[in-house]
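Trainee: Take a look and give me a structure for this.
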Amino acid sequence: MKRQFLNSAIRVLSVLLLVPATFALGQEHKPVHFSGLINDYSPLSANVKGSPWEMHGQWSMHLRPDRGTAEFSAYLTMSGYGKTAEGAVDPTQPLVNPHTHHILLNNVRISWDMIGCPTYAAPTPTRGFQLNGTVSLLTGNGSNAPFETTPPSSTLQVCVTGVDDVPYSVSNANITLVFGGPATTHFGPQAIHGVVRIAAADPDDKNREFNKGDRY
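Mentor: Now for the predicted structure:
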């Protein structure tokens, strides 16, 4: 009888130990949704037509850790500046050649590291992940961008970085976009900076963020 009771107790204990591990694994594999803002400027460069450009927009990212893939989208408004009589860029004459861009990366592989991501001045991010791939869409005012090939061949690196999850910190805080290929003639090859605004573990979490008054 004692042996029978002991065997039953061991089986129950094994199940109890297994439940938290299984729950944690399920939590880690939930789809995660990020969104945020982009606000930056491209430098004045002979290789970037119309530069410098002012860039503002929103972005969103849907991660599927169980598949190791993600989708990314960004929606930007851009405008340049007028010039002085001497031909120099004049910041007092903004909103020259305003236009829009829609940018999509579909089903790209997630790299859980920061290797090759742009660096920051102190304080520097200590953790992050990245996406790298060929864009599936890159428009200018709704049409295929004039600098882009058909089908698109520009590449895009997207890095999300932050710091360790400790008090008074944000573990996913920053985003950078770095283009390669034809897109560099318009956006430049430098990092374009933005901020992470929302990170939701699932649609219910996202709805709770909406209910708190945060909006995309």
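Trainee: Tell me which other helices or strands the longest strand anywhere in the chain touches.
Mentor: Ranked by residue count and defined by DSSP state E, the top strand of the chain is strand 96-111. When contacts are defined as 3 or more CB pairs under 8 Å, 6 or more residues apart in numbering; DSSP states H and E, strand 96-111 packs onto strand 69-80, strand 127-134, strand 137-140, strand 155-162. Just so you know, the C-beta spots here come from the backbone N, C-alpha and C atoms, and that holds for glycine as well.
Trainee: Is it possible to get a markdown table of the ones you listed that adds mean neighbour count?
Mentor: Shown next, in a markdown table, are these (neighbours: other CB atoms under 10 Å):
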| stretch | mean neighbour count |
| --- | --- |
| strand 69-80 | 19 |
| strand 127-134 | 18 |
| strand 137-140 | 19 |
| strand 155-162 | 22 |
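Trainee: Would you mind giving those strands as JSON lines with distance to residue 199 added?
Mentor: Output for the helices and strands packed on strand 96-111, formatted as JSON lines (distance: least, CB to CB, whole Å):
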{"stretch": "strand 69-80", "distance to residue 199": "13"}
{"stretch": "strand 127-134", "distance to residue 199": "12"}
{"stretch": "strand 137-140", "distance to residue 199": "24"}
{"stretch": "strand 155-162", "distance to residue 199": "9"}
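Trainee: Residue 182 is nearest to which of these?
Mentor: For those, distance to residue 182 was read as CB to CB. The smallest value, 8.6 Å, belongs to strand 137-140.
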